[in-house]
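# sequence? don't have it. structure:
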């Protein structure tokens, strides 16, 4: 056999042997890995099944509070706007020069306080002219009445004719009309002179002034001098949803008027007030109706056009079962709670009634005194050991 052919065959046989050995080694390594994995899994399972629980699981610390019976107020919440009972733009009723202003911007003024003065001199002159005309006509009336009295005596003596008597009576009537007109002119001049002193028509807060002294002011000016807003008491206008109207009307028909309170955006109570009424028609665009309440606003915190949160009490539920709202959980089957029984957490389905931020009414599923988990329900399961501590005060 040629040497080259023998060498080629030997090389091929050696490569095959090497490949077989490598494949066998891979198989052995894979088999060894499977064996080790199987042994480990078997040991782990045997350990889990045979290892006794020397210690019970450590109880989980939770906060709990008892269910209790009591009275609960039912509220309707809405967004409202503080609205003054009266907003008046103070204008002049006469034309003239604005001589002085007697208020400071933002000042609280009382009804009847002097706010501004207009130059009164032209109106004093008009008053004197009216009084002069009145005096003249009164003198003429007196003279005509004396003349009429003389004619009445002469007509009995047939010294004057009936026609002269009737003419004199007409003169007296004309003079009486002139005097009446003059008196009206005097009263008008006195009124115009009084209008030169502009006084506040309502009690309230003065806004920013719209005119400075020295300017000519006219009765036709639309802007006026200043706006006065009455702030004590203060109204709050808010909206009710259509399906709340029946509850509000029922509350209004009771012996005690519904209590209403306003709170700021931070939730702090501003003041309690009195519910007045609801509007007489529903807004078809929003399905709501406007309602009005009044507040004394003693501290002045209800500033005009301020947005506030309104709570209207429409009923009081007596002797109901009350639980903390934080204890109520929900799943696909409905509301439930975690109860603490014999050191373990137990789930209990409930039927909820009226609910608010801090408290909820339970109509079915619990009794007074049941301890409920309020904090620490994350990853809590039915039957899990728990250590309950008192819930924090709200």
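Nice, I can see it. Because the structure is a prediction, the values reported are computed rather than measured. Residues are numbered from 1 along each chain as shown.
# Flag the shaky bits of this structure, pLDDT-wise.
1-28, 30-33, 37-57, 256, 393-394 (pLDDT under 70).
# tell me the domain boundaries of it?
Domain ranges of the chain: 1-51, 61-72+319-390, 75-85+231-316, 88-228, per automatic domain parsing.
# Which of the three states applies to the closest residue to residue 80 other than its chain neighbours?
Of all residues not flanking residue 80 in the chain, residue 238 sits nearest, at 3.2 Å (Cβ to Cβ, 6 or more residues apart in numbering). (Each C-beta comes from the backbone N, C-alpha and C, glycine too.) Following DSSP: H, G, I helix; E, B strand; the rest coil, the label given to residue 238 is strand.
# Ok, residue 224 next?
Per three-state DSSP, residue 224 ends up coil.
# That one: neighbouring residues, count only.
17 (other Cβ atoms under 10 Å).
# Please verify my assumption that it contacts residue 210.
Yes - counting by Cβ atoms under 8 Å, residue 210 is a contact partner of residue 224 at 6.2 Å.
# show me the contacts for residue 139.
Residue 139 makes no contacts at all, as judged by Cβ atoms under 8 Å, 6 or more residues apart in numbering.
# quick one: which helix or strand includes it?
In this structure, residue 139 sits in helix 121-156 according to DSSP states H and E.
# Now do the buried residues in that helix.
122-123, 126-127, 130-131, 133-134, 137-138, 140-141, 144, 148, 151 (16 or more other Cβ atoms under 10 Å).
# now, which of the residues you listed sits nearest residue 197?
residue 123 (10.8 Å; Cβ to Cβ).
# re the thing from before, next one: the residue nearest to residue 80 from residue 249, what distance?
16 Å (Cβ to Cβ, to the nearest Å).
# More neighbours: which of the two?
Per other Cβ under 10 Å, whichever of residue 238 and residue 249 has more neighbours is residue 238, with 21 against 11.
# so how far is residue 269 from the more buried one?
With Cβ to Cβ as the criterion, residue 238 and residue 269 are 16 Å apart.
# Repeat that for residue 92.
43 Å.
# And residue 235, by the same measure?
18 Å.
# Who has more neighbours out of those two?
residue 235 (21 against 11).
# now that one, what's its secondary structure?
Per three-state DSSP, residue 235 ends up strand.
# Not counting sequence-adjacent ones, nearest residue to it?
Nearest non-adjacent residue to residue 235 (Cβ to Cβ, 6+ apart): residue 83, at 4.7 Å.
# what does residue 366 give?
residue 67 (5.0 Å).
# and if you look at residue 188?
For residue 188, the spatially nearest residue (Cβ to Cβ, 6+ apart) is residue 130, at 7.4 Å.
# got the contact list for that neighbour?
Contacts of residue 130 (Cβ under 8 Å, 6+ apart): 182, 185-186, 188-189.
# what helix or strand does residue 340 sit in?
Applying DSSP H and E, one finds residue 340 within strand 334-341.
# hang on, I meant residue 294
strand 288-295.
# now residue 366
Applying DSSP H and E, one finds residue 366 in no helix or strand.
# do you know how far it is from residue 348?
7 Å.
# Mutual contacts of these two, please.
Common neighbours of residue 366 and residue 348 (Cβ under 8 Å, 6+ apart) are 337, 339.
# Between those two, which is the more surrounded one?
Shown here are residue 366 and residue 348; by other Cβ under 10 Å, residue 366 has more neighbours (20 against 15).
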